[in-house]
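1. My questions concern the predicted model and sequence given below.
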Amino acid sequence: MIDHVTINVSDVETSRRFYEAAFAPLGYRVSFGKEGRFWAFDIGDGLFEIQQSDSPPPLTPVHVALRVASREQVDAFHRAALAAGGGDNGAPGPRPDYATNYYASFVLDPDGHNIEAMINPAG
């Protein structure tokens, strides 16, 4: 299941205003974010995120996060993607700066897109 998609934008505040207006008829609203850095819109079963293009890694022009069932799956995804020729963009491990129980890994696909496997159990 796709948990969230992040796109790289040149001006996060301009893009926030655009998406707030465009998403209003759909009932989508800003869920959380950080002024001048990123904003996440709640789109029902996932998040649509915008992030300033000059933000630090692991952001790439396209970022897709896949929600998995276990930390073991996060680890296995990372190993399999690297074995298939992907690039390491963040080893499996906790990401407490994202959320208390967030655990993820990041790989770059053959075109340089950031693909994440993650789990964030309620805690």
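-> Arrived safely, thanks for sending.
2. Report the secondary structure state of the residue located most distally from the centre of the chain.
-> Counting by Cα atoms, centre = their mean, the extreme residue of the chain relative to its mean C-alpha position is Pro25, 24.1 Å from that point. At Pro25 the chain is in helix, as set by DSSP: H, G, I helix; E, B strand; the rest coil.
3. hang on, Gln52 packs against Trp39?
-> No: taking Cβ atoms under 8 Å as the definition, Gln52 is not a contact partner of Trp39, at 9.8 Å. (Glycine included, C-beta is placed from N, CA and C.)
4. Look at the two and report which has more neighbours.
-> The residue with the greater number of neighbours, taking Gln52 and Trp39 and applying other Cβ atoms under 10 Å, is Trp39; the counts read 23 against 18.
5. per-residue confidence for the more buried one?
-> Here, the pLDDT recorded for Trp39 equals 95.
6. any idea how this protein splits into domains?
-> Taking automatic domain parsing as the domain assignment, the record places the domains of the chain at 1-54, 57-123.
7. Identify the contacts common to Gln52 and Trp39.
-> Here Gln52 and Trp39 have Val12 as joint contacts, going by Cβ atoms under 8 Å, 6 or more residues apart in numbering.
8. can you tell me the average pLDDT over stretch 94-102?
-> Averaging pLDDT along stretch 94-102 yields 94.
9. Run through who's touching that stretch.
-> Contact with stretch 94-102 is made by 103-104, 118-123, as judged by Cβ under 8 Å, 6+ apart.
10. With stretch 113-123 instead?
-> The list of residues contacting stretch 113-123 from outside it, by Cβ under 8 Å, 6+ apart, reads 3, 58-71, 73-74, 77-78, 81, 86, 89-90, 95, 98-109.
11. just checking, which of those belong to helices?
-> Taking DSSP state H as the definition of helices, the contacts of stretch 113-123 contribute 71, 73-74, 77-78, 81.
12. Turn the residues you listed into JSON lines, columns for pLDDT.
-> Formatted as JSON lines, the ones in helices among the contacts of stretch 113-123 follow (pLDDT from 0 to 100):
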{"residue": "Arg71", "pLDDT": "97"}
{"residue": "Gln73", "pLDDT": "92"}
{"residue": "Val74", "pLDDT": "94"}
{"residue": "Phe77", "pLDDT": "89"}
{"residue": "His78", "pLDDT": "93"}
{"residue": "Ala81", "pLDDT": "90"}
